[in-house]
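Participant: Please find the sequence and the predicted model below.
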Amino acid sequence: MNIVLCLPAILSGRLCPAFQGAAPRLSNLSGPKSIPSRISGDEFLFVLQDIDEEQAAIFAKEIINAISKPIAIEDTEVTVGASVGIAMTNDGAVTPDELINRADSAMYRAKESGRHTAVVYSSRLALWETRRLQLRHEFLPALRTGQFELFYQPQCRLEDGHVTGAEALIRWRHPQYGLLNPSAFLQIAEESALVLELGEWIIEEACRQAQQ
């Protein structure tokens, strides 16, 4: 599972206290059938034994409810969100590393679906993960070769319908998958640290088109 923190700018350097505040809540959820651990800065892992998929989903909901309560840092309430990925194994045929990778894939799908979401890994999700890895590999070349396009949504004044501006909307015209919405690639840009370069391209392209 992944924890997302929304901090005011003045507290942006205080991530550690925020996670320290979240950790006890996760520990309190631990029972005789669960083994909790922290695997990275903002990611936690629970190993649950002798439960079915429905019980795992209920436990994920308990995690989300426990985490979603604000945490106080320096007299400021910090908003916390959690995205949970669930991977099941019944026969032990899946190795521990593969099981963690599956849970990780489900977690990223949950992040794309919005905060406070849990997703169970499935064969369909495996296809989604394959596509996501492909798009991640192709993102930078696509940005370099002009596969991204801007569309404009007019902003109108309610009183008389007069157009006062326009919102630039980015799309990726992928040669295999067609026109992709930002939901398909924005998370990839953030993960690969290319979101700033993408933002610069949007501004430059919008200004260039405005001059035409």
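Facilitator: Nice, thanks for sending it over.
Participant: what's the burial count for Pro96?
Facilitator: Pro96: 10 surrounding residues under other Cβ atoms under 10 Å. C-beta coordinates here come from the backbone N, C-alpha and C atoms, glycine included.
Participant: how far away is it from Arg124?
Facilitator: Distance, Pro96 to Arg124, by Cβ to Cβ, to the nearest Å: 23 Å.
Participant: helices and strands around the strand or helix carrying Ile202, which ones?
Facilitator: In the assignment (DSSP states H and E), Ile202 maps to helix 195-211. Contacts defined by 3 or more Cβ pairs under 8 Å, 6 or more residues apart in numbering; DSSP states H and E place helix 195-211 against helix 123-144, strand 148-156, strand 163-174, helix 186-191.
Participant: The most far-flung residue of the chain relative to its centre: what secondary structure?
Facilitator: Distance from the centre of the chain peaks at Asp160, with 39.6 Å (Cα atoms, centre = their mean). Classification of Asp160 by DSSP: H, G, I helix; E, B strand; the rest coil places it in coil.
Participant: With adjacent residues omitted, what lies nearest to the residue most central in space within the chain?
Facilitator: Centrality entry for the chain: nearest residue to the mean C-alpha point is Lys111, 2.9 Å, by Cα atoms, centre = their mean. Excluding the flanking residues, the one nearest Lys111 by Cβ to Cβ, 6 or more residues apart in numbering is Ser83, at 4.4 Å.
Participant: Can you tell me the SS state at the one you found?
Facilitator: When classified by three-state DSSP, Ser83 comes out as strand.
Participant: measure it to Phe46 for me?
Facilitator: Relative to Phe46, Ser83 is positioned 14 Å away (Cβ to Cβ).
Participant: on that earlier part again, now, of the helices and strands packed on helix 195-211, which is deepest in the fold?
Facilitator: Most buried of the helices and strands packed on helix 195-211, by mean neighbour count (mean count of other Cβ atoms under 10 Å): helix 186-191, with a mean of 17.
Participant: from the middle of its chain, how far away would that helix be?
Facilitator: Computed by Cα atoms, centre = their mean, to the nearest Å, the separation of helix 186-191 from the middle of its chain amounts to 9 Å.
Participant: Quick one: neighbours of Ala184, just the number.
Facilitator: 17.
Participant: mind listing what it touches?
Facilitator: Contacts of Ala184 were listed using Cβ atoms under 8 Å, 6 or more residues apart in numbering, and they are Leu135, Trp172, Tyr177.
Participant: tally of neighbours for the residue nearest to the second one when sequence neighbours are not counted?
Facilitator: Pointing back at Trp172 there. With Cβ to Cβ, 6+ apart as the criterion, Trp172 has its nearest non-adjacent residue at 4.2 Å, and that residue is Leu180. Number of residues near Leu180 (other Cβ under 10 Å) recorded here: 17.
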